[in-house]
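# what's the 3D shape of this:
(2 chains)
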Amino acid sequence: MTASAIGRAMPRPEARRLVAGGGRYLDDHAERGELQACFLRSPLPHARFALDVAAAKTLPGVEAVLTASDLAAVCRPWRTESRSFPGLVSPRQAPLAEGRATWQGEPVAMVLAATRAIAEDAAEAILAEWEELPAVTAPEAALVPGAPPVHPGSETNRAWGATIGGGDPDAAFAAAALVVEERLVFTRHTGVPLEPRGALATWEPGTGALTVRLSHQMPHQMRLHLAEQLGLPVNRVRVICSDVGGGFGIKMHVYQDEMAVAAAARLLGRPVRWVSDRMEALLADIHAREHVVTARMAVDAEGRILGFDLHDLQGLGAYSVYPRSSTVEAISVVRSIGAPYRFAHGRARVDSVLQNKVATGQYRAVGAPVGCAVTERLVDKAARARGEDPLAFRARNLLRTAEMPWVNPFGAAQHGMDHHAVLETAKALIDLPALQAEIEAGRAAGRLLGLGLAFTVEYTASGPAVYGAGHVAVAATDTVVATLEPTGEISAQASITEIGQGITQGLAQVLADAVGVAPEAVRVGAGDTQAAPHGGGAWASRGAAIGGEAAWGAGRALRAQLLEAAGALLQAAPDSLDIREGVVTDAAGAARMTLAELGTLMLFRGHEMPKGVTPGLSATFHYRREQDVTLANNGLQAALVEIDGETGLVRVLRHWMVGDCGRVLNPLLVDGQYRGGVAQGIGEALLEACRYDAESGQFLSGTLADYLLPMATDIPDIALAHVEVPYAGSAVGAKGAGESGTCGAPAAILNAVNDALLAAGGGVVTELPIHPVAVLRALGRLA
Amino acid sequence: MTPARFAYARPTTLEEALGILARGGEEAAPLAGGQSLMPMMAMRVARPALLVDLNRVAGLDAIALEGGVLRIGAMARHAAVLAHPLVAAEAPLLPRALEEVAHPAIRNRGTLGGSLALADPAAELPACMVALDATIVLASAGGERRVPAADFFQGLYATARRSDELLLRVEIPRAAGWTPWFAEVARRRGDYALAGLAVMARCTAGRIVEARLGFCGVEAAPRRLPAVEAALVAGEDAASRLPALLEPLGSAEAPAGYRLHLAQVLLRRATEALHAAA
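Now for the predicted structure:
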């Protein structure tokens, strides 16, 4: 028996290529005769405008200056709709705004020129008359009576709302021995992938075929939408996502820019390229997680959580993002409320409001960091009110594995999770008694130290019902095609996509075990709709849990085909044969023929194959999970922070994470995801904010000097440990891993900062990111 | 993010550079290390019609001690100043401050003269020059002009440099018996300072007898604050003078009241450290 490839800590060959500068990102590709695009964007959050492009068109090197009406000839508008969000208010969108811009940064005209510099010159030369309209930017302002409508003619800026819950929350709160309440404010942030968005579109008039290179997470989704909007047969559209320098959810939406590039290529018959610069990215990539959550939690006399009651005010932006809808984030918040704990009563009122800002959308861990922070803040507050150790309070309320499957009052389902194993693992990892002694000693010496905890539950690997029930064209079923090369290697194409997270290596390890070859002999490709089969791409931490199943199925199917062919050749029953390390063996392990010999016979010497033997060199497996709408993962994070009581600055000294993502395909990949996720969570907790001027609505975080990403010096050592409870409903047993670091870090840091503040006799902070001014105010040291 | 059109000149001598600059007038911009100017041009915030690249002009980056005065050429890179033994010996305030200037890659290109000429309100080096009582030496086709640092910085990105002048060097008087102190507060290491403070203090017998200071990141430009310096010498609570004296800048991430608070924190830290060292 050879060692399993699944679970092996293998470096991935692609990492060597990328680190050495060998990546081929969107901007590394060029088409002969291409034009460079630049957008004129609205400088105001809300304005009517009139454009005179005559002068801009005359600049040398300018091929065309396009406005909404030009692109309307080749591109239909779209509108975000979902049966999951009945009554959703989100008007039609076209690639360029027509006469009225509803957010600062919205593209209103497009220049096509020989170089980007000329295109930017021409964009400046467009004579634009802007008539500023009243704008709504703060979510609290959107629903105030008399608030200016984000879209004139709308009666309200409430795009969608609902009340979700179950049990009898009123009775629970009336009977509670303790009710804790908090209002938490979450400021917008964004994903900032290293490679910005971009598109390179080529139209072939002869065949009526459109090829679009994109930096995107889901090529097949974009292929469909490009075909729909441009009125093309879908099989005439090819989308290629080569190396993608990070996505984080930023690159899973249909944006005006990319659609405009494709439409312009179709209109002009020339290849068109646009690569977002960093200022455009901060302004016009989706933002995320703008919420004001007012929440209370009821606890009985024994310290058991009875229920939650909350209101979530979500800022949506000017449109609900296409096609998934920004409202998904609010649902994700609600599902995360109280998720690790046992409670019987819940009520969540959601108001998703329109604003004159860029749309918000699904960003790494979606609403889970918000729901986790709300829950864990309330839990800490309740433990403190009871004079109880916060870990003891949590341990009492954590769900037990025997209680699962568990569906809480918000409809969130959990199965097969062991929160208590996570707790015990974390205790060993952190060495709490020693840490608490260290904190006490530090505090005695005047240091403002704090420890914060956060249990996490995150719903990953969404199944077909999540978007399917809304009739939104998002694929949750995925496919792998595995092929035996005549030289004995395995090549595969996956509908899961590679965006830097390394999933193609994970799938290669699954295929290796499924077929019976060394993982080094497997190569998995993805991202080109002309080669890769249909499927959902990279979202919801689904690569291992869904893509892994497709890879396993394809590998097993290929193995069965190869054994049938080998059996016919060797005059042996297929089930008496095995494939080990690329060699067909008998049951005792004696070599009968190599896969190279078998492949050569099947492909080049077919005349030697017995009559009637039909198996081919390729096998396809289409994986659709029939049960469990999502696969919840769980974990615990802890942060040790120190506050500088004079400056208000917070430093994370150490961070711990215990995670259970089911079967680990490759611990190097999972650890990398965990650490990167925690780093983004630290940014969310302490630094990253998309700020808007309260008066003018102007965007204030337009460069990386203003939008503060965490840097290497802001990230402490992150200690990791794994609990591995495989998902029982699948062959491989993986659950999602890619977002859980981001899920819990903000909550742990929020609790740690408040622990330090309370220990120093201060108040608490209730806004993320935690600003030093808020810290000083909580300490009473700044007015 | 591509610059607007500009003409480009790359002189090789100072005379040639000054001639080009004089002809270019207000529309010409000298290019030193480019660590601020190039991004500003890429954002089209800066739009010089003519870029005069000084990187091929020989002899502008010398660091030398002459007649008890430390001379640092305007084109000396931050990394070179940071590592130079003469600077460490004669103006130890500078290496302390330079460690806070951005990151190594930026310090490898950025220059002393570029930083002073740009006069970013958050930049460390202008505040240091004020505290060091340095002289800024400017050159034009008409000859050299010497301006005390305290007069050179005039406001937000505004200096006493005329458009036909280049920074040649700074001259820093010897400060035997003076103790330097520098610290800044930033959200992240290497960021623009929310507030920074450069202090030079002469201490005898356990007390400060003379002091010069300059803030960065607090006001539009660094300046001497005689009342604060006098309070330091008098052993009074200098930080309590600041609210009445400073006009702090405000921004989305750092409101004015916070910058003022940080200025006070830094001044108290400086006072404590200098007394401890005295």
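
# Might you report the residue contacts of A:A114?
With contacts defined as Cβ atoms under 8 Å, 6 or more residues apart in numbering or on different chains, A:A114 is in contact with A:35-36, A:61-63. To be clear about C-beta, it is placed using only N, CA and C from the backbone, and glycine gets the same treatment.

# mind checking how far the closest residue to A:A759 other than its chain neighbours is from A:D755?
Among residues not flanking A:A759 along the chain, A:R443 sits closest, at 6.0 Å (Cβ to Cβ, 6 or more residues apart in numbering or on different chains). Using Cβ to Cβ, to the nearest Å, we find A:R443 at a distance of 10 Å from A:D755.

# The two: which has the busier surroundings?
A direct count of neighbours by other Cβ atoms under 10 Å in any protein chain shown for A:R443 and A:D755 places A:D755 higher, at 24 against 15.

# which strands and helices sit next to whichever helix in chain B runs longest?
Ordering each helix of chain B by length in residues (DSSP state H) puts helix B:256-277 first. Contacts defined by 3 or more Cβ pairs under 8 Å, 6 or more residues apart in numbering or on different chains; DSSP states H and E place helix B:256-277 against helix A:772-778, strand B:178-185, strand B:195-204, strand B:207-216, helix B:242-245.

# Who are the contact partners of the residue of chain B most remote from its centre?
Seen from the C-alpha centroid of chain B, the residue lying at the greatest distance (Cα atoms, centre = their mean) is B:A205, 31.0 Å away. Residues near B:A205 by Cβ under 8 Å, 6+ apart: B:A278.

# Got the domain ranges for chain A?
Domain segmentation of chain A under automatic domain parsing yields A:13-22+A:477-623, A:31-133+A:194-246+A:251-284, A:371-381+A:388-464+A:629-778.

# Kindly report the residues of the stretch 101-250 of chain B close to chain A.
Within the stretch 101-250 of chain B, the positions lying close to chain A (Cβ under 8 Å from any Cβ of the partner chain) are B:185, B:187-192.

# Compare the residues you listed and tell me which is most surrounded.
That'd be B:V185 among those, by other Cβ under 10 Å, with 27 neighbours.

# That residue pairs with what?
Beta-bridge pairing of B:V185 under DSSP bridges involves B:A195.

# just to revisit the earlier point, columns distance to A:G153 and mean pLDDT on top of the domains of chain A, output as JSON lines?
Below are those laid out as JSON lines (distance: least, Cβ to Cβ, whole Å; pLDDT from 0 to 100):
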{"stretch": "domain A:13-22+A:477-623", "distance to A:G153": "34", "mean pLDDT": "96"}
{"stretch": "domain A:31-133+A:194-246+A:251-284", "distance to A:G153": "9", "mean pLDDT": "98"}
{"stretch": "domain A:371-381+A:388-464+A:629-778", "distance to A:G153": "20", "mean pLDDT": "97"}
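
# what would those domains look like in a markdown table with distance to B:V81?
A markdown table is the format used below for the domains of chain A (distance: least, Cβ to Cβ, whole Å):
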| stretch | distance to B:V81 |
| --- | --- |
| domain A:13-22+A:477-623 | 31 |
| domain A:31-133+A:194-246+A:251-284 | 30 |
| domain A:371-381+A:388-464+A:629-778 | 22 |
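
# any chance you could map the helices in the stretch 1-150 of chain B?
Along the stretch 1-150 of chain B, the stretches classed as helices by DSSP state H, counting those that start in this stretch are B:14-24, B:37-42, B:78-83, B:85-90, B:93-98, B:104-109, B:112-118, B:124-132, B:149-152.

# Do I have it right that A:G470 meets A:L88?
No - A:G470 lies out of contact with A:L88 (Cβ atoms under 8 Å); the separation is 9.8 Å.

# Find residues that contact each of those two.
Here A:G470 and A:L88 have A:82, A:325 as joint contacts, going by Cβ under 8 Å, 6+ apart.

# what about residue 94, how many residues close to it?
You didn't pick a chain, so chain A it is. By other Cβ under 10 Å, the residues close to A:A94 number 20.

# look at chain B instead
What B:L94 shows, counting by other Cβ under 10 Å, is a neighbour count of 30.

# Kindly report the same for the one 4 residues further on.
Here the number of neighbours of B:L98 (other Cβ under 10 Å) works out to 24.

# Tell me, what's the model's pLDDT at it?
B:L98 carries a pLDDT value of 98.

# Quick check: chain neighbours aside, which residue is closest to it?
Closest residue to B:L98 apart from its sequence neighbours, by Cβ to Cβ, 6+ apart: B:L82 at 4.3 Å.

# give the contact list for that neighbour.
Contact analysis of B:L82 by Cβ under 8 Å, 6+ apart lists B:94-95, B:98-99, B:107.

# Closest one of those residues to B:L262?
Nearest to B:L262 among the contacts of B:L82: B:E99, at 18.7 Å, using Cβ to Cβ.

# related to what we said a few turns ago, which one of the domains of chain A lies closest to B:T12?
domain A:31-133+A:194-246+A:251-284 (27.3 Å).

# can you give me phi and psi for whichever residue of the stretch 51-200 of chain B sits closest to chain A?
As assessed by Cβ to the nearest Cβ, chain A sits closest to B:R189 within the stretch 51-200 of chain B, at 4.4 Å. Phi and psi for B:R189, reported as degrees, to the nearest 10, are phi -50, psi 130.

# Give me the distance between the residue lying closest to it once chain neighbours are set aside and A:L283.
Once flanking residues are discounted, B:R189 sits nearest to A:T713: 4.4 Å by Cβ to Cβ, 6+ apart. As judged by Cβ to Cβ, A:T713 and A:L283 stand 27 Å apart.

# Which residue of those two possesses the greater neighbour count?
A:L283 (23 against 11).

# so the more buried one touches A:G105, yeah?
Yes - judged on Cβ under 8 Å, A:L283 makes contact with A:G105 at a distance of 3.8 Å.

# joint contacts of those two?
By Cβ under 8 Å, 6+ apart, A:L283 and A:G105 have these common neighbours: A:41, A:358, A:699.

# Counting only strands, which of these make the cut?
Cross-referencing the shared contacts of A:L283 and A:G105 against strands under DSSP state E gives A:R41.

# Of the shared contacts of A:L283 and A:G105, keep whichever come out buried.
Buried members of these, counted by 16 or more other Cβ atoms under 10 Å in any protein chain shown: A:41, A:358, A:699.

# Redo those residues as JSON lines? Include distance to chain B.
Below are those laid out as JSON lines (distance: Cβ to the nearest Cβ, whole Å):
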{"residue": "A:R41", "distance to chain B": "13"}
{"residue": "A:V358", "distance to chain B": "17"}
{"residue": "A:F699", "distance to chain B": "10"}
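
# Report the separation between the closest residue to B:G34 other than its chain neighbours and A:S276.
Distances taken as Cβ to Cβ, 6+ apart put B:R109 closest to B:G34, at 6.5 Å, once the chain neighbours are dropped. Look at B:R109 and A:S276: by Cβ to Cβ, they are 26 Å apart.

# Which one's more surrounded, these two?
A:S276 (24 against 17).

# so what's the more buried one up against?
If you count contacts by Cβ under 8 Å, 6+ apart, A:S276 has them with A:196-198, A:257, A:284-285.

# which of these lies closest to chain B?
Set against chain B, the nearest of the contacts of A:S276 by Cβ to the nearest Cβ is A:P196 (10.6 Å).

# Could you list the residues of the stretch 401-550 of chain A in contact with chain B?
The stretch 401-550 of chain A has no residues near chain B, with proximity defined as Cβ under 8 Å from any Cβ.

# Out of the helices and strands packed on helix B:256-277, which is the most enclosed?
Across the helices and strands packed on helix B:256-277, averaging neighbours per residue (mean count of other Cβ atoms under 10 Å in any protein chain shown) puts strand B:195-204 on top, at a mean of 24.

# what pLDDT, on average, does that one get?
For strand B:195-204, mean pLDDT rounds to 96.

# now that strand: how far from the chain's centre is it?
In terms of Cα atoms, centre = their mean, to the nearest Å, the centre of strand B:195-204 is set 15 Å apart from its chain centre.

# Now do it against helix B:256-277: the angle between them, please.
30 degrees (axes from the mean of the first three to the mean of the last three Cα atoms, to 10 degrees).

# which other helices and strands contact strand B:195-204?
On a contact count with 3+ Cβ pairs under 8 Å, 6+ apart, strand B:195-204 meets helix B:93-98, helix B:124-132, strand B:178-185, strand B:207-216, helix B:256-277.
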